[in-house]
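**Student:** Give the three-dimensional model of this entry:
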Amino acid sequence: MSPLRVLVCDDNDGFRTSLLGLLATIPDIEVVGEAADGRTGVALALATQPDVVLMDLAMPGLDGVEATRRILADAPHVGVVVLTMIEDDDSVFAALKAGARSYLLKGARRAEITRAVTAVGSGEAMFGASIAARLVGYFAVPRRPQGADAFPELTSRQIEILDLMARHAPNPDIARRLDISEKTVRNNVSAILTKLCVRDRAEAIAAARAAHLGSAPPYRT
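**Tutor:** Prediction:
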C-alpha cells in the first residue's frame, strides 16, 4: 500500500514543527511538504498532489479558507483537515463550504489529529467533539427564512419598499428610487405595517433588519 502523502500548512513555526514530528511517528505517512503561508500552501498542494492537507485558517497572504477553496478547485481529490485556533460559526461553515472534510482545534490530542488525517485520507470526514456538537446544534435549530423569503405575505414591490425603509430612506427618496408616487409609497407602507402586524415604521424596520433586509449600505440621496 502506498503511504498517505500529507502537506502541512501553518504559519506558526513551532506548531508546524510539532506536527511534522507527530506525522513522522505514524507508519505509512509521508510528509511531502510544509508551508508557512496560504499562497505557498496552494502552490505546494498543486505541485505535489498530496492525499491530505493539514490547513491552518489564520495565515498571512492568503487565509486557510481561500487556500482550501483554491486547492480543491484544481485538485478535488485532496482531503483538507483544518487545524486551527478559530472556532466561531462563520469560520467553521466557511471552511466546510470551501470543501474541508475535517475541522479540529489546535488543542486536539495527538491521537485525534492522527485519526483525522487517516480518516480524511480514506475519504471520510471527521470533526472534533466541540465542532461536531456545534454542527449538530446548528442543524437541530429550525432556521428562520431570510431576506424576501421571510415575508411571503408582501408583494415584490412591498419588499423593495421595506428594504429601502430598512436602509432608512424616507418616503420621498423611496418614490424617486422606484419611480413611483409618494402616495403609492405611503399606501404600500401602510399595507406593510398591516401585513406584518407592527405598530409603526420603526417596528417594520426592526423586522426587516432581523431578516437581513436593508443590509446594503445606508441609502444615499
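**Student:** Pull the contacting residues for the residue positioned nearest the centre of the chain.
**Tutor:** Residue closest to the average C-alpha location in the chain (CA atoms, centre = their mean): A94, at 2.1 Å. Listed by CB atoms under 8 Å, 6 or more residues apart in numbering, the contact set of A94 reads V65. (Glycine included, C-beta is placed from N, CA and C.)
**Student:** and it, backbone torsions?
**Tutor:** Backbone torsions of A94, given as degrees, to the nearest 10, read phi -60, psi -40.
**Student:** For this protein, just list every one of the helices.
**Tutor:** Counting by DSSP state H, the chain has helices at residues 13-24, 38-48, 64-74, 89-98, 110-121, 129-140, 156-166, 171-178, 182-196, 201-210.
**Student:** Out of the ones you listed, which is closest to D56?
**Tutor:** Of all the helices of the chain, helix 64-74 sits nearest to D56, with 5.4 Å by CB to CB.
**Student:** So which elements touch the closest one?
**Tutor:** Using 3 or more CB pairs under 8 Å, 6 or more residues apart in numbering; DSSP states H and E, the elements in contact with helix 64-74 are helix 38-48, strand 52-55, strand 79-84, helix 89-98.
**Student:** care to break the protein down by domain?
**Tutor:** Annotated domains of the chain cover 4-140, 147-210 [automatic domain parsing].
**Student:** okay, those domains in TSV with mean pLDDT next?
**Tutor:** Formatted as TSV, the domains of the chain follow (pLDDT from 0 to 100):
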stretch	mean pLDDT
domain 4-140	92
domain 147-210	90
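**Student:** so of the ones you listed, which one's packed in deepest?
**Tutor:** domain 4-140 (a mean of 18; mean count of other CB atoms under 10 Å).
**Student:** quick one, what contacts P3?
**Tutor:** Applying CB under 8 Å, 6+ apart, we find P3 in contact with D28, I29, E30.
**Student:** Dump the helices and strands packed on helix 64-74 into a markdown table; add distance to V8 as well.
**Tutor:** Converted to a markdown table, the helices and strands packed on helix 64-74 look like this (distance: least, CB to CB, whole Å):
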| stretch | distance to V8 |
| --- | --- |
| helix 38-48 | 9 |
| strand 52-55 | 5 |
| strand 79-84 | 9 |
| helix 89-98 | 17 |
